[in-house]
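> I'll drop the sequence and a predicted model, then ask my questions.
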Amino acid sequence: MKLGKFDLIPISDGSFFLDGGTMFGVVPRVLWEKIYTPDELNRIEIPLNCLLIKTPDANILVDTGIGNKLDEKFREIYSVKQPPDIESGLANLGLKPEDIDFVINTHLHFDHCGWNTIFKSESSATDCSGKPWSANKEILPTFPCAKYIIQKQEWSDATHPNERTRASYFKENFIPLENSGQLILVEGEYEILPGVKVINTIGHTKGHQSVMIESEGKKAIFWGDFMPTSAHIRIPYLTSFDLYPLELIELKKKFLKQAVAENWLLIFEHDPKIVFAHIKEEDGKQVLQPINI
């Protein structure tokens with residue numbers, strides 16, 4: 001997908017399965033199953049649609065999927081399906097890990113930052129300058145030349161989880177970034193380079209961020225888990241994982257109104273059918289217009 005001078009390329013890290021009810025919160029199954037058919041265990045398949053932004057000056061990877069460090073028990077519980085994965089997807093585009101200049105994590109839940117890091121035995125074990133990493137580090141950054149952009153609030157919550165959030169954060173996915181000096185913690189809106197910035201979209205977590213992309217007068221937004229699927233453009237459709245649902249609802253109204261007025265390209269991270277879409281207003285209702293790729 002072209003957006004002005006930028007190329008927007010979905011990179012799949014496979015998929016996993018979650019209980020359908022958790023993805024739609026208070027919305028009853030009789031409604032959401034018309035959109036996403038659950039399996040015999042009431043689960044729906046959740047694709048992991050990460051995004052590569054190729055600009056004239058940099059390669060930016062938005063979210064890094066579920067990764068390859070999970071043990072077999074976890075992979076079985078969530079029925080993780082790989083390939084495809086981030087590693088092979090980038091290779092198919094002729095890119096090596098050191099070709100990535102920035103990694104943006106919308107947040108640090110395990111299905112959004114898994115490829116941030118990799119076991120030392122599976123990496124080149126060198127930093128961006130080609131020097132060996134410290135010998136005592138068993139888990140290393142996957143992208144040795146990249147700066148990793150994370151909201152300061154999200155980092156704080158991920159490194160100090162509570163009883164509700166602890167199961168969503170795997171420290172091996174992000175602590176090594178601090179040790180390697182590649183971590184950039186930001187507060188609120190932050191421009192990575194001209195045309196690409198992050199904005200704090202509180203709701204799913206307090207430190208969740210979405211990515212605004214603009215080139216030659218055209219705008220796009222990568223929602224992350226602020227609106228994980230196209231079904232979530234409906235205002236009441238929230239997930240049970242959203243920690244701040246009322247704040248999310250108000251921001252959702254605001255951003256969808258802007259998206260209609262300015263013809264944003266919407267990018268969905270977890271939708272099984274729709275990655276790119278526009279949204280229009282017809283007869284007072286917001287209507288999604290998917291884009292085939």
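Thanks, I have it.
> Just the C-alphas of the helix ranked longest in the chain, formatted as CSV.
Using DSSP state H, we find that the single longest helix of the chain is helix 245-262. Taking C-alpha atoms only, helix 245-262 is exported to CSV below (Å, rounded to 0.1, in the frame of the first residue of the first chain):
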residue,chain,number,x,y,z
PRO,A,245,-13.0,1.4,28.8
LEU,A,246,-14.7,4.8,29.3
GLU,A,247,-11.6,6.7,28.3
LEU,A,248,-11.3,4.5,25.2
ILE,A,249,-14.9,5.1,24.2
GLU,A,250,-14.4,8.9,24.3
LEU,A,251,-11.2,8.8,22.3
LYS,A,252,-12.7,6.3,19.8
LYS,A,253,-15.5,8.8,19.1
LYS,A,254,-13.0,11.6,18.6
PHE,A,255,-10.6,9.7,16.3
LEU,A,256,-13.3,8.1,14.2
LYS,A,257,-14.8,11.5,13.5
GLN,A,258,-11.4,12.7,12.4
ALA,A,259,-10.9,9.6,10.3
VAL,A,260,-14.1,10.3,8.4
ALA,A,261,-13.4,14.0,7.9
GLU,A,262,-9.8,13.6,6.8
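> For the longest strand along the chain, name the packing helices and strands.
Across the chain, the longest stretch assigned as strand under DSSP state E is strand 6-19. Using 3 or more C-beta pairs under 8 Å, 6 or more residues apart in numbering; DSSP states H and E, the elements in contact with strand 6-19 are strand 43-54, helix 86-92, strand 209-215. From N, CA and C alone the C-beta is placed, and that goes for glycine too.
> what helices or strands is the first one leaning on?
For strand 43-54, the elements it packs on are strand 6-19, helix 20-24, strand 59-62, strand 209-215, judged by 3+ C-beta pairs under 8 Å, 6+ apart.
> could you redo the last one with a cut-off of 6 Å?
Judged by 3 or more C-beta pairs under 6 Å, 6 or more residues apart in numbering; DSSP states H and E, strand 43-54 is in contact with strand 6-19, strand 59-62.
> Identify whichever of these lies nearest to residue 158.
When the helices and strands packed on strand 43-54 are compared by C-beta to C-beta, strand 59-62 sits nearest residue 158, at 17.6 Å.
> Which strands border the closest one, and is each parallel or antiparallel?
Strand pairing for strand 59-62, determined by DSSP bridges: strand 43-54 (antiparallel), strand 102-104 (parallel).
> Identify each buried residue in stretch 254-263, please.
255, 256, 259 (16 or more other C-beta atoms under 10 Å).
> These into JSON lines, with extra columns for pLDDT and distance to residue 117?
Shown next, in JSON lines, are these (pLDDT from 0 to 100; distance: C-beta to C-beta, whole Å):
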{"residue": "255", "pLDDT": "97", "distance to residue 117": "31"}
{"residue": "256", "pLDDT": "97", "distance to residue 117": "35"}
{"residue": "259", "pLDDT": "97", "distance to residue 117": "33"}
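> Could you check the pLDDT of residue 179?
At residue 179, the predicted lDDT confidence score is 87.
> That should have said residue 133, apologies.
Per-residue pLDDT puts residue 133 at 69.
> Now the nearest residue to residue 287 once chain neighbours are set aside: phi and psi?
Among residues not flanking residue 287 along the chain, residue 280 sits closest, at 5.3 Å (C-beta to C-beta, 6 or more residues apart in numbering). As for residue 280, its main-chain torsions (degrees, to the nearest 10) stand at phi -120, psi 160.
> Could you pull up phi and psi at the nearest residue to residue 143 once chain neighbours are set aside?
Spatial nearest neighbour of residue 143, chain neighbours left out: residue 100 (4.2 Å); criterion: C-beta to C-beta, 6+ apart. Backbone torsions for residue 100, taken as degrees, to the nearest 10, come to phi -90, psi 120.
> re the thing from before, could you say which one of the helices and strands packed on strand 43-54 comes nearest to residue 166?
Counting by C-beta to C-beta, residue 166 lies closest to strand 6-19 out of the helices and strands packed on strand 43-54; the figure is 17.5 Å.
> sorry, back to before: around the residue nearest to residue 143, how many other residues sit close by?
Residue 100 has 23 neighbours, counted by other C-beta atoms under 10 Å.
> can you tell me how far it sits from residue 160?
28 Å (C-beta to C-beta, to the nearest Å).
> for residue 102, same thing?
Distance from residue 102 to residue 160, by C-beta to C-beta: 25 Å.
> What of residue 39?
Using C-beta to C-beta, residue 39 is found at 36 Å from residue 160.
> Fine by me, we can end here.
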